[in-house]
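curious how this folds, go ahead:
(one chain, ligands or ions: 1)
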Amino acid sequence: MAFAQRHYDYVIGGAGLSGLSLCWHIATHPGLADKSVALIQSPEDEKHAAGKTWCFWAKDALPDPVSIRYSWQHLEVYAGKTALKVPLSTMGYYCVQGEDYFAKMMHALRQMHQVDVIEAQIGGFGESKSGVKIDAGGRPLTAQYFFKSYGNPDLKRARFRLLQHFKGVEIETDAPVFDPSTARMMDFRVKQLDGATFFYVLPYSETKALVEYTLFSPAKLPEEAYDAAITAYLNRYYNLQQGRYRITRSESGVIPMADSIYRPQAGQRVHLTGTASGIPKASTGYAFSRIHRQAKHIADSLALHGSPRRQPDSSARYRIYDLMLLDILSRDQKLIVPVFEALFANNPIERVLRFIDEQTVFSEDVRVMASVPWLPFLRAGGRNLDMLLRGGIAPRSTSS
Ligand SMILES: Cc1cc2nc3c(=O)[nH]c(=O)nc-3n(C[C@H](O)[C@H](O)[C@H](O)COP(=O)(O)OP(=O)(O)OC[C@H]3O[C@@H](n4cnc5c(N)ncnc54)[C@H](O)[C@@H]3O)c2cc1C
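The predicted model follows:
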């Protein structure tokens, strides 16, 4: 593809979730109508997006072109003695598929006059006082600001480092098996391996569902361990023996779960977005809604200040809750199911979802914290008093 120009106001590296979302929020912002944007699309982007199913329950900042593939108005949770099936009244539980997201967003962005989509792998970049030089597949570009959405987050300061790792399979059955009105959000009725271990099930119809085995633990499992767990779960909870279902697609992933990793700035004019910036929620790995809010914040900030001011991290109180939960997840595994059991049994589901999404008011937080066993949290607080006093941020000396 020929370049329309060589200098842009903004260059966005990587057309994954955060790159596409940022490009859309900038290009549709009324205060940025005269700004030019280059979106650098790597040849791998479409394949990367196609391997993902995104679930979320907050639609604010979701770009207009994105279409929701499935939604559920009931959620199921199994934790300890708690077995819940509850309706959602003020929100839904939604699912977007990566290939839909990529196709709809690319189509919309290609129509926008201020956006050039450039197919290239970024080789490197360098910053000067006046701008950034970017090597887009051997061709030089310059920009006022470069937004980099690829690479790993900086884990140096993290005290607790877990991974959310998972494998999911989309299956089809001949006979009706699933209840398509209800998403199974967390099912802890499985052997707890060193961390929280659970399934979630997204039924697309009575005969089709995504069944995902998820762990919050320090290291990935061998591939066959995920497969064996999925086979056993389908057998036990859906009476589905192998041969009675077909696997039509599979996905797997690893998302960092760690404290103190949010670091959106990589230079005066180079900013990180998405997972690379450490935006996933520290204690759950949820990233989808946070990435869209981050993109909107950057666009608002560019329009208001002319520069991408540091977008807010989780507030101190959520950093502290995350820190304590990460401590319990890392050191007190036998308490994990009782904590989740109490959380879901003693709170309306929508309060729990807003809490995970950091949208609760303080009085709701107090109710959430009062609803879970307090001793593990007290111990976790005691073990991390230094960080609690710093608003949940690790001191520099803990880096390794
Ligand atoms: C299978 C899976 C399922 C997930 N499900 C959920 C979910 O249900 N809910 C939730 O909240 N979060 C979920 N996540 C976490 C998170 O939302 C995703 O990982 C999300 O894709 C992160 O977006 P990103 O833009 O940070 O990274 P990516 O989407 O990975 O985008 C980075 C892009 O940069 C490109 N790139 C890399 N190197 C270069 C280069 N040198 N030059 C140009 N481009 C480059 C890559 O090809 C890639 O497309 C899931 C993650 C995975 C892996």
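
and what about Arg159, helix, strand or coil?
coil (DSSP: H, G, I helix; E, B strand; the rest coil).

that one: neighbour count?
With neighbours defined by other Cβ atoms under 10 Å, the count for Arg159 comes to 21. All C-beta spots, glycine's among them, are computed from the backbone N, C-alpha and C.

enumerate every residue touching the closest residue to it other than its chain neighbours.
Counting by Cβ to Cβ, 6 or more residues apart in numbering, Ala394 is the residue found nearest to Arg159 once chain neighbours are left out, at 5.0 Å. Contacts for Ala394 were tallied using Cβ atoms under 8 Å, 6 or more residues apart in numbering; they are Arg157, Ala158, Arg159, Asp259, Ser260, Met387.

wait, the last one sits on Ala282?
Just to be clear, that refers to Met387. No - Met387 is beyond contact range of Ala282, at 11.9 Å (criterion: Cβ atoms under 8 Å).

show me what residue of this structure gets nearest to the ligand.
Of all residues in the chain, Gly16 sits closest to the ligand, with a separation of 1.8 Å (Cβ to the nearest ligand atom).

how many residues are close by that residue?
Residue neighbour count, defined by other Cβ under 10 Å, stands at 25 for Gly16.

mind checking how far it is from Gly123?
18 Å (Cβ to Cβ, to the nearest Å).

likewise for Ala370?
If you measure Ala370 against Gly123 using Cβ to Cβ, the figure is 53 Å.

with Ala61 instead?
With distances taken as Cβ to Cβ, Ala61 is found 31 Å from Gly123.

looking at these two, which is more packed in?
Neighbours were tallied for Ala61 and for Gly123 using other Cβ under 10 Å; the higher tally belongs to Ala61 (17 against 11).

where does the prediction get shaky in this structure?
Regions of the chain meeting the criterion pLDDT under 70 cover residues 1-5, 312, 397-400.

ok, now how distant is the residue of the chain closest to the ligand from Pro373?
Taking Cβ to Cβ as the measure, Gly16 falls 38 Å from Pro373.

just His113 next, same as before
Here the criterion is Cβ to Cβ. By it, His113 lies 57 Å from Pro373.

which parts of the protein belong to which domain?
Structural domains assigned to the chain are 7-71+88-155+259-305, 161-257, 316-398, following automatic domain parsing.

okay, now Ala120: neighbour count?
Applying other Cβ under 10 Å, we find 20 residues neighbouring Ala120.

was I right to think it contacts Pro140?
No - checked against Cβ under 8 Å, the pair Ala120 and Pro140 is beyond contact range at 11.2 Å.

and the stretch 1-150 of the chain, which residues reach the ligand?
Proximity of the stretch 1-150 of the chain to the ligand (Cβ under 6 Å from any ligand atom) is limited to residues 13-14, 16-19, 40, 42, 44-45, 48, 51-56, 121-122, 149-150.

show me the strands in the stretch 301-400 of the chain, by range?
Read by DSSP state E, counting those that start in this stretch, the stretch 301-400 of the chain holds no strands at all.

rewinding a little: didn't the residue of the chain closest to the ligand look like it was pressed against Glu46?
No - using Cβ under 8 Å, Gly16 is not in contact with Glu46; the gap is 10.0 Å.

quick one: name the residues of the stretch 151-300 of the chain near the ligand.
Glu251, Gly253, Ile255, Gly274, Thr275, Ala276, Tyr286, Ala287, Phe288, Ile291.

pick the one among those closest to Ala79.
For Ala79, the closest of those turns out to be Tyr286, at 17.7 Å, with distances computed as Cβ to Cβ.

if we can go back for a sec, mind telling me the two of the residues of the stretch 151-300 of the chain next to the ligand farthest from one another?
Top of the distance list for these (Cβ to Cβ): Glu251 and Ala276, 20.3 Å.

quick one: which of these two has more around it?
The neighbour comparison of Glu251 against Ala276 (other Cβ under 10 Å) goes to Ala276, with 23 against 17.

got the contact list for that one?
The neighbours of Ala276, taking Cβ under 8 Å, 6+ apart as the test, are Ser18, Lys148, Ser149, Tyr150, Gly151, Asn152, Pro153.

same thing but at 10 Å, please
Residues touching Ala276, when contacts are defined by Cβ atoms under 10 Å, 6 or more residues apart in numbering, comprise 13-14, 16, 18, 147-154, 263-264, 266.

what's the answer for Asn235, then?
Taking Cβ under 10 Å, 6+ apart as the contact definition, Asn235 lies against Gln241, Gln242, Arg244.

which strands or helices does the biggest helix by length in the chain pack on?
In the chain, ranked by residue count with DSSP state H as the criterion, the top helix is helix 288-305. Helix 288-305 makes packing contacts with strand 7-13, helix 17-27, strand 53-56, strand 93-97, strand 139-148 when contacts are defined by 3 or more Cβ pairs under 10 Å, 6 or more residues apart in numbering; DSSP states H and E.

restrict that helix to CA atoms and write it as CSV.
Output of helix 288-305 as CSV, limited to C-alpha atoms (Å, rounded to 0.1, in the frame of the first residue of the first chain):
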residue,chain,number,x,y,z
PHE,A,288,-11.9,-5.2,27.7
SER,A,289,-13.9,-2.4,29.3
ARG,A,290,-10.8,-0.9,30.8
ILE,A,291,-9.1,-0.7,27.4
HIS,A,292,-12.0,1.2,25.9
ARG,A,293,-12.1,3.6,28.8
GLN,A,294,-8.4,4.1,28.5
ALA,A,295,-8.8,4.9,24.7
LYS,A,296,-11.6,7.4,25.4
HIS,A,297,-9.5,9.1,28.1
ILE,A,298,-6.6,9.5,25.8
ALA,A,299,-8.7,11.0,23.0
ASP,A,300,-10.4,13.4,25.5
SER,A,301,-7.0,14.4,26.9
LEU,A,302,-5.6,15.0,23.4
ALA,A,303,-8.5,17.2,22.6
LEU,A,304,-8.4,19.1,25.8
HIS,A,305,-4.7,19.5,26.5
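
run the angle between that helix and helix 17-27 for me.
For helix 288-305 against helix 17-27, the angle between stretch directions is 30 degrees (axes from the mean of the first three to the mean of the last three Cα atoms, to 10 degrees).

give the buried residues for helix 288-305.
288-300, 302 (16 or more other Cβ atoms under 10 Å).
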